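Peer 1: sequence unknown, structure follows:
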């Protein structure tokens, strides 16, 4: 079953095909994480705003996303947005972004609340507005603390993007399954695609670690 | 007659069912140093925080430099620019250098030119004796140095009034002196100051008026001479004998 020479052969031979899938996976991941981070930040601010209606909106959003399977969300976005003429790529990207956003909102909320209350008071006592203090004083500190769990969420997001194969997006995983069933060599292709994800995750972890080091400089 | 900088009438503040301030009256004149003393829980920190609107009063009047401030209709950010505050736990911004800490508010709130703000910040750091620490992050400073940076940061907004909330309570004993010296210098320059402290030596030496608070009320007030040497109220006598 684990004929390494064979796996290597197929790996080299299928390399151009997988590169196409890799490109789509990367695009999907980066776009959905960027949008998801924006959504997460907005809903985190809703949650700590102390304004009831905003609290409610954030709570409902997070409950809906966390309470339903990602695959259901992706299909709902796919069928819902297809009617508006939005492509499979963008409906998958929005679906994944909304999904990541809910988890990222909780990460940001926790890290914002972990910043000492005195920081907000110090900013306000200098005549800074709530928004300015949030932007200049609280969020930079909160973001630093959010980085490890955020990195973790990004890794989950990268792997979750494989579910986009269900809506006929030819990202990494769907290349593996189509090639596997075409050649009746599923196991080899599954191992290969697993290796692709593993390398991506390791590279990404490295990147996050570097960023963490850079941000903690001087303190 | 000196200008009235702060006037407080019948100030009330509660946290839930707990009445922390009960009809407090206080007036502070220009260049005066008023020291608030009292046991913990007596309301002195809350009183200070109400003056800066970090706590919003439940009743009464707060007049800052002749203008009654209503938290609902006033721009509190403008009022706070006139009233600097120094905290027990310094609350420096840990992700900014000492210089950036001092420059932050003038640049971001007053839109002061960066170069000019830096020049002024360096003058202030010189004044508190920390010129050589300008490019250091707060984590590298001792408690006394942190508090002196915090004082410089508050002064950078050129406030007319400075509030000190137990500025030396979180310091190691050997670092208290340097902060008190900085505060004394400020008092001698004519800054209007309201200070919550347990440093009775500072109160005796620097205060124009000492205010003893107990149970959310001002129990007794007078010059340091009057209050320390000849307290009229039993409560005040008990408190002073318990700490001296």
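Peer 2: Received, thanks. Predicted, not measured: the structure shown is a model, and the values here were computed from it.
Peer 1: so where do the helices sit in chain B?
Peer 2: Shown for chain B, the helices assigned by DSSP state H span residues B:44-51, B:76-82, B:98-108, B:114-127, B:143-155, B:173-188, B:200-206, B:224, B:234-243.
Peer 1: JSON lines for those helices, including mean pLDDT and distance to chain A?
Peer 2: (Each C-beta comes from the backbone N, C-alpha and C, glycine too.) Rendered in JSON lines, the data for those read as follows (pLDDT from 0 to 100; distance: least, Cβ to the nearest Cβ, whole Å):
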{"stretch": "helix B:44-51", "mean pLDDT": "96", "distance to chain A": "8"}
{"stretch": "helix B:76-82", "mean pLDDT": "93", "distance to chain A": "4"}
{"stretch": "helix B:98-108", "mean pLDDT": "97", "distance to chain A": "4"}
{"stretch": "helix B:114-127", "mean pLDDT": "97", "distance to chain A": "13"}
{"stretch": "helix B:143-155", "mean pLDDT": "97", "distance to chain A": "7"}
{"stretch": "helix B:173-188", "mean pLDDT": "95", "distance to chain A": "17"}
{"stretch": "helix B:200-206", "mean pLDDT": "94", "distance to chain A": "22"}
{"stretch": "helix B:224", "mean pLDDT": "95", "distance to chain A": "27"}
{"stretch": "helix B:234-243", "mean pLDDT": "91", "distance to chain A": "26"}
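Peer 1: and those helices as JSON lines, adding mean neighbour count and distance to residue A:8?
Peer 2: Formatted as JSON lines, those follow (neighbours: other Cβ atoms under 10 Å in any protein chain shown; distance: least, Cβ to Cβ, whole Å):
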{"stretch": "helix B:44-51", "mean neighbour count": "24", "distance to residue A:8": "69"}
{"stretch": "helix B:76-82", "mean neighbour count": "18", "distance to residue A:8": "66"}
{"stretch": "helix B:98-108", "mean neighbour count": "24", "distance to residue A:8": "54"}
{"stretch": "helix B:114-127", "mean neighbour count": "16", "distance to residue A:8": "58"}
{"stretch": "helix B:143-155", "mean neighbour count": "25", "distance to residue A:8": "60"}
{"stretch": "helix B:173-188", "mean neighbour count": "17", "distance to residue A:8": "66"}
{"stretch": "helix B:200-206", "mean neighbour count": "18", "distance to residue A:8": "78"}
{"stretch": "helix B:224", "mean neighbour count": "19", "distance to residue A:8": "87"}
{"stretch": "helix B:234-243", "mean neighbour count": "14", "distance to residue A:8": "80"}
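Peer 1: now those in TSV, with distance to residue A:26?
Peer 2: As requested, the helices of chain B are exported to TSV (distance: least, Cβ to Cβ, whole Å):
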stretch	distance to residue A:26
helix B:44-51	51
helix B:76-82	45
helix B:98-108	36
helix B:114-127	39
helix B:143-155	44
helix B:173-188	53
helix B:200-206	63
helix B:224	71
helix B:234-243	67
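Peer 1: between the ones you listed, which one is nearest to residue B:216?
Peer 2: Ranking the helices of chain B by proximity to residue B:216 (Cβ to Cβ) places helix B:44-51 first, at 8.2 Å.
Peer 1: now residue B:100. Nearest residue, chain neighbours left out?
Peer 2: Distances taken as Cβ to Cβ, 6 or more residues apart in numbering or on different chains place residue B:93 nearest to residue B:100, at 7.5 Å, with adjacent residues excluded.
Peer 1: surely that neighbour touches residue B:101?
Peer 2: Yes. If you go by Cβ atoms under 8 Å, residue B:93 and residue B:101 touch, sitting 5.3 Å apart.
Peer 1: mutual contacts of those two, please.
Peer 2: Residues touching both residue B:93 and residue B:101 (Cβ atoms under 8 Å, 6 or more residues apart in numbering or on different chains) are residue B:138.
Peer 1: can you list contacts of the helix or strand residue A:139 falls within?
Peer 2: Per DSSP states H and E: residue A:139 is located in helix A:139-160. Residues outside helix A:139-160 that contact it (Cβ under 8 Å, 6+ apart): A:25, A:29, A:32-33, A:36-37, A:70, A:96, A:99-100, A:103-104, A:107-108, A:110-112, A:114-115, A:119, A:197, A:200-201, A:204-205, A:208, A:211-212, A:215-216, B:94-95.
Peer 1: leaving out chain neighbours, which residue sits closest to residue A:70?
Peer 2: residue A:99 (5.4 Å).
Peer 1: what sits against the one you found?
Peer 2: By Cβ under 8 Å, 6+ apart, the residues touching residue A:99 are A:36, A:65, A:70, A:73, A:160.
Peer 1: what ranges in chain A fall below the confidence cut-off?
Peer 2: Scanning chain A for pLDDT under 70 picks out the ranges A:1, A:217-219.
Peer 1: still on that earlier bit, may I see the buried residues of whichever helix or strand comes after the helix holding residue A:139?
Peer 2: Sequence order places helix A:172-183 as the next helix or strand after helix A:139-160, per DSSP H and E. Across helix A:172-183, burial judged by 16 or more other Cβ atoms under 10 Å in any protein chain shown covers A:172, A:173, A:174, A:175, A:176, A:179, A:180.
Peer 1: wait, the fifth one touches residue A:190, no?
Peer 2: I take that to be residue A:176. Yes. Residue A:176 is within contact range of residue A:190, at 6.0 Å (criterion: Cβ under 8 Å).
Peer 1: which residue ranges of chain A form helices?
Peer 2: A:4-13, A:15-48, A:52-67, A:70-82, A:88-114, A:117-125, A:130-133, A:139-160, A:172-183, A:186-215.
Peer 1: give the buried residues for the last one.
Peer 2: It stands for helix A:186-215. Buried residues in helix A:186-215 (16+ other Cβ under 10 Å): A:188, A:189, A:191, A:192, A:193, A:196, A:197, A:200, A:208.
Peer 1: contacting residues around the fourth one?
Peer 2: In other words, residue A:192. By Cβ under 8 Å, 6+ apart, the neighbours of residue A:192 are A:7, A:10, A:11, A:14, A:18, A:176.
Peer 1: and chain A, which of its residues are near chain B?
Peer 2: By Cβ under 8 Å from any Cβ of the partner chain, the residues of chain A that approach chain B are A:116, A:118-119, A:121-122, A:124-129, A:132, A:136-137, A:140-141, A:144, A:218-219.
Peer 1: buried ones among those?
Peer 2: A:119, A:121-122, A:124-128, A:132, A:136-137, A:141, A:144.
Peer 1: can you redo these as TSV with distance to residue B:86?
Peer 2: Compiled in TSV, those are given as follows (distance: Cβ to Cβ, whole Å):
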residue	distance to residue B:86
A:119	15
A:121	11
A:122	10
A:124	14
A:125	9
A:126	11
A:127	15
A:128	16
A:132	20
A:136	20
A:137	17
A:141	21
A:144	26
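Peer 1: out of these, what pair is the most spread apart?
Peer 2: Those two in these that are separated most widely, counting by Cβ to Cβ, are A:127 and A:144, at 25.2 Å.
Peer 1: how far away is the residue nearest to residue A:70 from residue A:142?
Peer 2: Noted for residue A:99: a distance of 22 Å to residue A:142, by Cβ to Cβ, to the nearest Å.
Peer 1: I appreciate the help and will end here.
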